[in-house]
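>>> Here is my input, please return the structure:
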Amino acid sequence: MEKKTPLYDRHVEMGGKIVEFGGFLMPVQYGAGVVAEHMAVRKECGLFDVSHMGELSLKGPDAVANIQKLVTTDISAMVDGQVKYAMFCNDKGGIVDDILVYRKGAEDYLLVVNAGNRDKDAAWVESHLFGDVEYKDIGNEVGQLALQGPNADKILRKVCDDQYIPEKYYTFIDNGVIRVGGREIKALISQTGYTGEHGYEIYCDAADTVDLWNTLLEVGAEDGCIPCGLGARDTLRLEASMPLYGHEMTDDITPKMAGLPCKLDGKDFIGRDAMVALGAPTIKRIGMIVVGRGIPREHCDLYTMDGKKIGWVSSGTHCPFIGKGVAMGYIPVEEIEIGKHLNADVRGRMVEVEIVKLPFYKIER
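As a prediction, the model looks like this:
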């Protein structure tokens with residue numbers, strides 16, 4: 001049976017087109033459409049319901065030791081209010097999921113995991129726990145909204161004092177106060193996002209999610225803030241060259257193959273020894289701009305211009321803001337050359353692409 005976020009009824013009321021994603025019923029788009037939602041985030045602001053994401057709490061004297069063993073990133077030097085990007089890996093070095101690690105205190109951490117892997121990740125963490133650590137899956141207790149776009153600051157400041165708004169990327173403020181519906185709610189406010197744009201992810205009590213959603217849309221209307229669905233979330237992340245599990249990341253692709261941060265010296269973690277034994281990756285993730293007509297999608301095979309099959313497309317779409325078709329994929333390291341042209345087999349028709357440097361789109365931070 002599909003699950004629903006606290007905002008499900010509100011999405012239906014607002015005309016959201018509901019689809020199943022990661023076991024949840026979620027809006028893929030609203031009436032404005034994916035392109036309008038994409039452009040709103042790039043030029044003004046968009047609001048996303050991301051309450052389907054998972055939140056795992058680890059507390060206690062051995063919280064750090066447990067997380068160090070579970071993730072690719074070294075968290076030993078983290079400070080309160082800092083966020084780090086990390087991955088879980090399996091014993092073969094393949095990626096179980098990519099996650100965010102929040103340090104709330106010296107013995108208090110929050111792991112945020114992807115919706116599609118929510119139950120799998122929770123079970124993975126629980127099965128590897130050791131020592132004196134208190135673990136809890138709090139996903140059902142938490143609502144999460146993503147306020148993304150150049151006007152996010154202006155909108156958030158209408159309902160939240162400056163002292164509760166994090167100034168730097170990948171930092172957060174816990175127990176922030178936001179004014180909604182004539183009352184105040186507590187929230188964790190994080191300067192993070194999955195759109196490649198400036199913005200915030202806001203975690204609140206599940207019971208406060210609807211009021212927070214309504215308030216942000218109301219105060220943000222004059223600054224162009226509109227509700228956005230999964231469709232724009234995907235085109236935005238692809239335009240910003242951000243990986244997605246099941247596409248750029250799988251149980252057989254290592255962080256090194258995906259070009260994602262993973263330091264193999266300094267600490268041990270699950271999958272490290274396997275990656276060391278594998279040595280330098282023989283295939284790597286690439287970015288491609290479409291030269292011909294058509295859009296390569298996931299699973300399309302990639303060929304050299306003389307017809308040799310060398311790899312595959314992991315994701316592809318048309319990106320409205322840069323106005324180009326783009327794709328990411330994997331090919332052998334020796335074939336990677338910026339400016340080199342390849343062919344993607346799109347349902348039996350070859351579509352020409354050019355290898356380019358990632359990301360396709362990036363803002364100054």
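
>>> Please make it C-alpha for all contacts and neighbour counts, starting now.
Fine.

>>> who's in contact with whatever helix or strand residue 345 lives in?
In this structure, residue 345 is located in strand 341-346 according to DSSP states H and E. Strand 341-346 has contacts (CA atoms under 8 Å, 6 or more residues apart in numbering) with 294-297, 300-305, 313, 350-355.

>>> rerun that using 6 Å as the cut-off
Contacts of strand 341-346 from elsewhere in the structure, counted by CA atoms under 6 Å, 6 or more residues apart in numbering, are 296, 300, 301, 302, 303, 304, 305, 350, 351, 352, 353, 354.

>>> Next: stretch 50-59.
Contacts for stretch 50-59 (CA under 6 Å, 6+ apart): 5, 107-115, 118, 133-139, 143-145.

>>> Okay, and which of these map to strands?
Cross-referencing these against strands under DSSP state E gives 108-113, 134-137, 143-145.

>>> Can you tell me which of these is closest to residue 233?
Proximity of these to residue 233 (CA to CA) peaks at residue 145, which lies at 12.5 Å.

>>> just so I have it, where are all the helices in the stretch 101-250 of the chain?
Secondary structure of the stretch 101-250 of the chain (DSSP state H, counting those that start in this stretch): helices located at 118-127, 152-156, 209-220, 230-239.

>>> most tightly surrounded among these?
Compared across the helices of the stretch 101-250 of the chain, helix 230-239 shows the largest average neighbour count, a mean of 23 (mean count of other CA atoms under 10 Å).

>>> helices and strands around it, which ones?
When contacts are defined as 3 or more CA pairs under 6 Å, 6 or more residues apart in numbering; DSSP states H and E, helix 230-239 packs onto helix 34-43.

>>> If we go by neighbour counts, what in stretch 254-271 is buried?
254, 255, 256, 257, 258, 260, 262, 264, 268, 269, 270, 271 (16 or more other CA atoms under 10 Å).

>>> does the fourth one count as helix, strand or coil?
Classification of residue 257 by DSSP: H, G, I helix; E, B strand; the rest coil places it in helix.

>>> circling back: where among the helices of the stretch 101-250 of the chain is average confidence lowest?
Ranked by mean pLDDT, these bottom out at helix 118-127, with a mean of 94.

>>> mind pulling up the phi and psi values for the residue located most distally from the centre of the chain?
The outermost residue of the chain relative to its centre, with distances by CA atoms, centre = their mean, is residue 306 at 36.3 Å. Dihedral pair for residue 306: phi -100, psi 10, per degrees, to the nearest 10.

>>> Just list the residues touching it, thanks.
Counted by CA under 6 Å, 6+ apart, residue 306 has zero contacts.

>>> Tell me the bridge partners for residue 353.
Beta-bridge pairing for residue 353 (DSSP bridges): residue 290, residue 342.

>>> so what pLDDT did it get?
Per-residue pLDDT puts residue 353 at 98.

>>> Run a quick neighbour tally on it.
26 (other CA atoms under 10 Å).

>>> Next one: it from residue 293, what distance?
Distance, residue 353 to residue 293, using CA to CA, to the nearest Å: 10 Å.

>>> still on that earlier bit, report the buried members of the ones in strands among the contacts of stretch 50-59.
108, 109, 110, 111, 112, 113, 134, 135, 137, 143, 144, 145.

>>> so which two of those are the farthest from each other?
Greatest spatial distance among those (CA to CA): 134 and 145, at 26.3 Å.

>>> Run a quick neighbour tally on the nearest residue to residue 35 once chain neighbours are set aside.
The shortest distance from residue 35 to any non-neighbouring residue, by CA to CA, 6 or more residues apart in numbering, is to residue 320 (6.3 Å). Residue 320 has 18 neighbouring residues, counting by other CA under 10 Å.

>>> Can you read off the pLDDT for residue 320?
In this model, residue 320 is scored at 95, pLDDT.

>>> Same check on residue 116?
86.

>>> That one touches residue 22, doesn't it?
Yes. Here residue 116 reaches residue 22: they are 3.8 Å apart, a contact under CA atoms under 6 Å.

>>> what is residue 84 paired to in the beta sheet?
residue 101.

>>> Next one: it, what pLDDT does it get?
Residue 84 carries a pLDDT value of 98.

>>> Against residue 325, how distant is it?
31 Å.

>>> Over to residue 51?
Distance of residue 51 to residue 325, computed by CA to CA: 30 Å.

>>> Neighbour count: those two, which is higher?
Taking neighbours as other CA under 10 Å, residue 51 and residue 325 compare with residue 51 leading, 27 against 21.

>>> what's the helix or strand for the more buried one?
Here residue 51 is assigned to no helix or strand, by DSSP H and E.

>>> and the gap between it and residue 138?
Here the criterion is CA to CA. By it, residue 51 lies 12 Å from residue 138.

>>> And for residue 351?
Distance of residue 351 to residue 138, computed by CA to CA: 45 Å.

>>> likewise residue 206?
With distances taken as CA to CA, residue 206 is found 10 Å from residue 138.

>>> Compare the two (neighbour count), which wins?
Taking neighbours as other CA under 10 Å, residue 206 and residue 138 compare with residue 206 leading, 17 against 12.

>>> pretty sure that one is touching residue 140, no?
No. Under the contact definition of CA under 6 Å, residue 206 does not touch residue 140, with a separation of 7.3 Å.
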